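Peer 1: Fold the following for me, if possible:
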Amino acid sequence: MANFSRRDVLRGSVALAAYTLASRPLSAIGLQPAANEELIPWLDAQPKGRGIQWQDLTTWVTANEHLYEVSHYNKPKIDPAKWQLDVTGYVKHPRTFTLEQLKQRRHKSIHATLECGGNGAGIGFMGAIGNIKWTGTPLAPLLRECGLVKRSREVVFYGADEKTEKIRDQDFTQNFARSLALEHALADEVLLAWDMNDRPLEEAHGAPVRLIVPGWFGIAWTKWLTRIDLLDRRFMGKWMAREYVTIRGEELGADKVNWRETSVCNINVKSLAARAVRRPDGSIRISGAAWSDGTALQSVDLRIDDGPWQKVTLAAKPRSARYTWTLWHYDWTNPTPGEHAIVSRASDVDGRVQPPSEDPRIKLKKTFWEANQQWPRKIRL
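Peer 2: Now for the predicted structure:
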């Protein structure tokens, strides 16, 4: 008989829990109608297109073909056999890795929600999110093996996608690039991934290798990764300093507003009503999802029309799924005929609360990124 350590048993238990949650029928929490249940369509239905169709959500893990796609330059075609990753800059031992060398390193899988920084900006762009299983090698050990030096402060990730950009009236060839502070890059959950949902990364999603930064918006998850460069100062490329910068007003009183610019980085606390079904007993089960940057949720509340906020039931998930969405449901007994507004709000243990659209954090936001306002939905019974 094989000998298993306590860690092996725990790891197997977590994997089994994740598999069970990913593969179980979701009718138990209202995300898939069971027999004799009637799906009630939203009056504010999403337009069809690539990305999550919330009313069609049937699994905890998002199928590859349903994950949204965003690219900022071209979509390079890279031969995996010829691909290389260079680690340069403030390291003692600059190195170059092939895909095969990365795959020979210790690797792990993590479930993490990928959300576009602009998701939720409008009814036509509310499905740019997905819950995916990512497999790759942890970044931190690789960086440490290259020999970090005291001057290392910032880690820049370059993709193979490129474009000529005009900067101060001059043309420069630029590769897509984003950066992380060294402390963020060394987090255990940051991966160099080559698989999504147990299949090789697709071209549109950054094959052969992309960066995985759980808890951060997708803009930080550099695709078609080819170079990691360590700097001793802040990186201020287009996608850090000029684009994906949120302009938000901060009320200081006496009609004074401070217009603050911040980088789109960690995910905001957010929730959405996904489905409504009429059950055989006449009740309406409303279900949806809530997520954050990995900070644990405190609660999710639901309001029907102008009624009071009421707690919903949160579905359990494995501890390893810290960076995934949480599914929830609420049973509305004795619903009345007519048109109704349904809205949810999520709160986390740090005290962040998903704001209504009239909140200054949303009302005084002048860019469409980080749109985490409460999203009222309408149904007719």
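
Peer 1: Spatially central residue for this protein, please.
Peer 2: Centroid-nearest residue in the chain: L114, 2.6 Å away (criterion: CA atoms, centre = their mean).

Peer 1: got the CA coordinates for stretch 302-319 in CSV?
Peer 2: Extracted C-alpha coordinates of stretch 302-319, given in CSV (Å, rounded to 0.1, in the frame of the first residue of the first chain):
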residue,chain,number,x,y,z
LEU,A,302,-31.0,40.8,-2.2
ARG,A,303,-33.7,43.4,-2.5
ILE,A,304,-36.9,43.0,-4.4
ASP,A,305,-38.5,46.2,-5.6
ASP,A,306,-38.4,48.7,-2.7
GLY,A,307,-38.4,46.0,0.0
PRO,A,308,-35.8,45.4,2.7
TRP,A,309,-32.4,43.9,2.0
GLN,A,310,-32.5,40.2,2.8
LYS,A,311,-29.6,37.7,3.2
VAL,A,312,-29.1,35.1,0.5
THR,A,313,-27.7,31.6,1.0
LEU,A,314,-24.1,31.3,-0.1
ALA,A,315,-22.9,28.0,-1.6
ALA,A,316,-19.9,26.3,0.0
LYS,A,317,-16.7,26.1,-1.9
PRO,A,318,-13.2,24.6,-1.1
ARG,A,319,-10.7,26.7,0.7
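
Peer 1: my read: the residue nearest to the centre of the chain touches W216, true?
Peer 2: No - using CB atoms under 8 Å, L114 makes no contact with W216, being 9.5 Å away. Where C-beta positions appear, they are placed from N, C-alpha and C, glycine not excepted.

Peer 1: Quick check on K238: phi, psi?
Peer 2: Per-residue torsions, K238: phi -50, psi -40 (degrees, to the nearest 10).

Peer 1: and it, what pLDDT?
Peer 2: We have a pLDDT of 95 for K238.

Peer 1: That one reaches T164, doesn't it?
Peer 2: No - taking contacts as CB under 8 Å, K238 lies outside contact range of T164: 11.9 Å.

Peer 1: Quickly list what's touching both of these two.
Peer 2: Common neighbours of K238 and T164, using CB atoms under 8 Å, 6 or more residues apart in numbering, are Q174.

Peer 1: and I284, how many neighbours?
Peer 2: 22 (other CB atoms under 10 Å).

Peer 1: what about K238 and T164, which has more around it?
Peer 2: Neighbours were counted for K238 and for T164 using other CB under 10 Å; K238 has more, 17 against 9.

Peer 1: From I167, how far off is that one?
Peer 2: Going from K238 to I167 by CB to CB, to the nearest Å gives 8 Å.

Peer 1: ditto for G351
Peer 2: Counting by CB to CB - G351 and I167 are separated by 40 Å.

Peer 1: Torsion angles phi and psi at the closest residue to L139 other than its chain neighbours?
Peer 2: The shortest distance from L139 to any non-neighbouring residue, by CB to CB, 6 or more residues apart in numbering, is to V190 (4.6 Å). In terms of degrees, to the nearest 10, the main-chain angles of V190 are phi -80, psi 130.

Peer 1: correct me, but V190 touches L143?
Peer 2: No - under the criterion of CB under 8 Å, V190 makes no contact with L143, lying 9.7 Å away.

Peer 1: Pick out whichever of the two has more residues nearby.
Peer 2: Neighbour count, other CB under 10 Å: between V190 and L143, V190 has more, with 25 against 20.

Peer 1: mind giving me the domain split of this structure?
Peer 2: 21-56+264-380, 77-236 (automatic domain parsing).

Peer 1: ends of the last one, how far apart?
Peer 2: Meaning domain 77-236. Terminal residues of domain 77-236 lie 27 Å apart, using CA to CA, to the nearest Å.

Peer 1: do the same with stretch 162-171
Peer 2: 13 Å.

Peer 1: do stretch 51-58 as well
Peer 2: 14 Å.

Peer 1: For N266, list the residues it contacts.
Peer 2: G215, W216, F217, D293.

Peer 1: Could you rank those by neighbour count and give me the top one?
Peer 2: In the contacts of N266, the most neighbours by other CB under 10 Å go to W216, 25 neighbours.

Peer 1: Distance-wise, check it relative to S179.
Peer 2: Distance, W216 to S179, by CB to CB: 12 Å.

Peer 1: Then P356?
Peer 2: Distance from P356 to S179, by CB to CB: 33 Å.

Peer 1: Contact partners for G282?
Peer 2: Neighbours of G282 in contact, by CB under 8 Å, 6+ apart: N334, P335.

Peer 1: circling back: among the domains of the chain, where is the model least confident on average?
Peer 2: domain 21-56+264-380 (a mean of 90).

Peer 1: Quick one: distance of that domain to the chain centre.
Peer 2: 16 Å (CA atoms, centre = their mean, to the nearest Å).

Peer 1: How about stretch 213-228?
Peer 2: 11 Å.

Peer 1: now swap in stretch 170-189 and tell me
Peer 2: In terms of CA atoms, centre = their mean, the gap separating the centre of stretch 170-189 from the centre of its chain is 18 Å.

Peer 1: Compute the first-to-last residue distance for it.
Peer 2: End to end - CA to CA - stretch 170-189 spans 39 Å.

Peer 1: Quickly run through the sheet partners of the lengthiest strand in the chain, with directions.
Peer 2: For the chain, the longest strand by residue count, based on DSSP state E, is strand 154-167. Paired strands of strand 154-167, with direction, are strand 170-181 (antiparallel), strand 225-231 (antiparallel) (DSSP bridges).
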